[in-house]
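In: This is the structure alone, sequence omitted:
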């Protein structure tokens, strides 16, 4: 495409927005409405995924040791654990510390543990943090093969359920967002179609004087791009401001026994703006293309 032709398309696109202010406002409103639904769903999905990721990162593996191991053996085992692929961090917890932690955890019922200091039944252990929870089974097998290991505990069934739920969430969210994009394209194409219909005679004249299909479509596609970008900008601004204040308002609020924290604004906003900008541009281009196609045959 020549630079002169591109300039003509842009000039005509902006000119059409000025000439058809009412229809342009209606089209932008439709874009905003469609993108608003996508933005809200995207925020929900991102926050649920954020919460799931936090849970995954907090999954720990407890490695219980045999009794009466020397400090040298424990140190050697710690180094061996750190070399296993998938292990992020290893922390040794002596039995005395484990008993103290249990006392704090039991709270008012800690009196039941009185008298165990002399004959502590708890074993020494390692608390192992994983780089990737999906590797838990492999890591557990590798740890079990090390000498002087009594048993490895990490809640296998609960972890598998969590990973499965997270996978289903991510796949279903992709499918739903794709469906919402197609619905948005349909809505925008019908709205833009009204603008194109009002200018059908102009299209016919351009065709009769020798204008190619792409030359006729060009200004409408640019107009659709501008409508999509304007709509995405307004939606991003409104949703971004709303999310910023909402995330600060409910930060670390307690619901029952759970602490509710939304995904940090800085981590979300870039992905949100990119998504809305891309989808807005896409539905503007495709909507305009589909709307003009009907009037190209003269």
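Out: Sure thing, it's come through. The shown structure was predicted, so the numbers you read here are calculated from the model rather than taken from an experiment.

In: Kindly state the domain boundaries assigned to the protein.
Out: By the assignment in automatic domain parsing, the chain contains the domains 3-55+161-293, 60-153.

In: Would you mind finding the most buried of the ones you listed?
Out: domain 3-55+161-293 (a mean of 17; mean count of other Cβ atoms under 10 Å). Using the backbone N, CA and C atoms, a C-beta is placed for each residue, glycine as well.

In: Quick check: end-to-end length of that one?
Out: With Cα to Cα, to the nearest Å as the measure, domain 3-55+161-293 spans 24 Å from end to end.

In: Let me see the contact set for residue 98.
Out: Contacts for residue 98 were tallied using Cβ atoms under 8 Å, 6 or more residues apart in numbering; they are 122, 123, 124, 125.

In: The protein: helices as residue ranges?
Out: In the chain, helices defined by DSSP state H lie at 3-19, 21-57, 71-82, 95-106, 136-144, 156-198, 200-208, 213-249, 265-293, listed in chain order.

In: what is the rounded mean pLDDT of the last one?
Out: Put plainly, it is helix 265-293. Taken as a whole, helix 265-293 has an average pLDDT of 83.

In: angle of that helix against helix 21-57?
Out: Here helix 265-293 points in a direction 140 degrees away from that of helix 21-57 (axes from the mean of the first three to the mean of the last three Cα atoms, to 10 degrees).

In: In the stretch 151-298 of the chain, where is pLDDT below threshold?
Out: Residues of the stretch 151-298 of the chain that meet the criterion pLDDT under 70 lie in 155-159, 162, 188-189, 191-196, 198-200, 207-208, 210-211, 213, 251-261, 294-298.

In: can you redo the helices of the chain as JSON lines with distance to residue 63?
Out: JSON lines is the format used below for those (distance: least, Cβ to Cβ, whole Å):
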{"stretch": "helix 3-19", "distance to residue 63": "65"}
{"stretch": "helix 21-57", "distance to residue 63": "19"}
{"stretch": "helix 71-82", "distance to residue 63": "7"}
{"stretch": "helix 95-106", "distance to residue 63": "12"}
{"stretch": "helix 136-144", "distance to residue 63": "6"}
{"stretch": "helix 156-198", "distance to residue 63": "14"}
{"stretch": "helix 200-208", "distance to residue 63": "73"}
{"stretch": "helix 213-249", "distance to residue 63": "38"}
{"stretch": "helix 265-293", "distance to residue 63": "33"}
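
In: so which of the ones you listed gets nearest residue 64?
Out: Ranking these by distance to residue 64, with Cβ to Cβ as the measure, places helix 95-106 first at 9.6 Å.

In: pLDDT averaged over the closest one - what is it?
Out: Along helix 95-106, the predicted local confidence has a mean pLDDT of 68.

In: and if you look at stretch 11-22?
Out: The predicted confidence, averaged over stretch 11-22, sits at 71.

In: picking that back up, select, out of the helices of the chain, the one closest to residue 65.
Out: With Cβ to Cβ as the criterion, residue 65 lies closest to helix 71-82 of the helices of the chain, at 7.2 Å.

In: Which neighbouring elements make contact with that closest one?
Out: Helix 71-82 makes packing contacts with strand 60-65, strand 87-93, strand 125-130 when contacts are defined by 3 or more Cβ pairs under 8 Å, 6 or more residues apart in numbering; DSSP states H and E.
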